[in-house]
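Enquirer: I'd like to go over a predicted model; first the sequence, then the structure.
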Amino acid sequence: MNRDQARRGFPGFTIVEVMVALAIFGIAVVAFSGSYINVINAFGAIQVDQAFEQDLTLIRQQVFILQEIEDLEEGGDVFTGSHGEASWRVEYEPTLVADLFKLTLYVEILDLEKGEMREVVETHYLTRPTWSDPVERSVLQAETRDRLLEKQAGLD
């Protein structure tokens, strides 16, 4: 056996090289399988009943187009595309900002999975100058102006 053959040795990988390659492969498999499981879980979490969401959007639009407060206080019934007839009612209250109202929408709609009515509650903030009492509006505007002036004075 000459010197060149001893230096080259047998063709192939050493056991250390094989172990390092297997360790890298194992780490990659664990990382990719974890990512895959996370993607599967995310798809399951974001699946929504699109027909239900569309019906709620329809009801919201019906409520938001009404300009008169009396019409809102009456509530109403809407025939939806997928969930039959749904009824809605509204509670509203003024906020500390002029012409801004907190509107709580209650919708009773058929839950197709359970076969019974389900109540959905949503809160929205709407600006409706026609709902405001002019006296209350001027008082709220004055209070807001005073608060802003106090903050300005405190900054100097």
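Expert: Sure, I can see it. Numbering: from 1, shown residues only.

Enquirer: show me where this protein has helices.
Expert: Counting by DSSP state H, residue ranges of the helices within the chain are 3-8, 15-46, 50-65, 69-74, 134-155.

Enquirer: Could you say which of those is packed most deeply?
Expert: helix 50-65 (a mean of 15; mean count of other CB atoms under 10 Å). No exception for glycine: its C-beta is placed from N, CA and C like everyone else's.

Enquirer: And that helix, how far out from the chain middle?
Expert: Relative to its chain's centre, helix 50-65 lies at 16 Å (CA atoms, centre = their mean, to the nearest Å).

Enquirer: who touches it?
Expert: Among residues not part of helix 50-65, those counted as contacts by CB atoms under 8 Å, 6 or more residues apart in numbering are 72, 76, 78, 80-83, 86, 88, 90, 103, 105, 107, 109, 112, 120, 122, 124, 126.

Enquirer: Show me the residue at the heart of this protein, geometrically.
Expert: Centroid-nearest residue in the chain: residue 46, 10.3 Å away (criterion: CA atoms, centre = their mean).

Enquirer: Could you give me the PyMOL syntax to select whichever of the contacts of helix 50-65 are buried?
Expert: Selecting in PyMOL just the buried members of the contacts of helix 50-65, where the criterion is 16 or more other CB atoms under 10 Å, is done with this command:
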select buried, resi 72+78+80+83+86+88+90+103+105+107+109+120
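
Enquirer: So which of the contacts of helix 50-65 belong to strands?
Expert: Where these overlap with strands, as defined by DSSP state E, the overlap consists of 76, 78, 86, 88, 90, 103, 105, 107, 109, 120, 122, 124, 126.

Enquirer: so what's the first one up against?
Expert: If I follow you right, that is residue 76. When the contact criterion is CB under 8 Å, 6+ apart, the partners of residue 76 are 62, 87-88.

Enquirer: possible to save the residues you listed as CSV with pLDDT?
Expert: Formatted as CSV, these follow (pLDDT from 0 to 100):
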residue, pLDDT
62, 90
87, 93
88, 94
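
Enquirer: a markdown table for these, including distance to residue 154?
Expert: Listed next are those as a markdown table, based on distance: CB to CB, whole Å:
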| residue | distance to residue 154 |
| --- | --- |
| 62 | 46 |
| 87 | 49 |
| 88 | 44 |
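
Enquirer: re earlier: tabulate the ones in strands among the contacts of helix 50-65 in TSV, adding columns for distance to residue 52.
Expert: Formatted as TSV, the entries for those read as follows, by distance: CB to CB, whole Å:
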residue	distance to residue 52
76	19
78	14
86	10
88	15
90	20
103	21
105	15
107	11
109	8
120	9
122	13
124	18
126	23
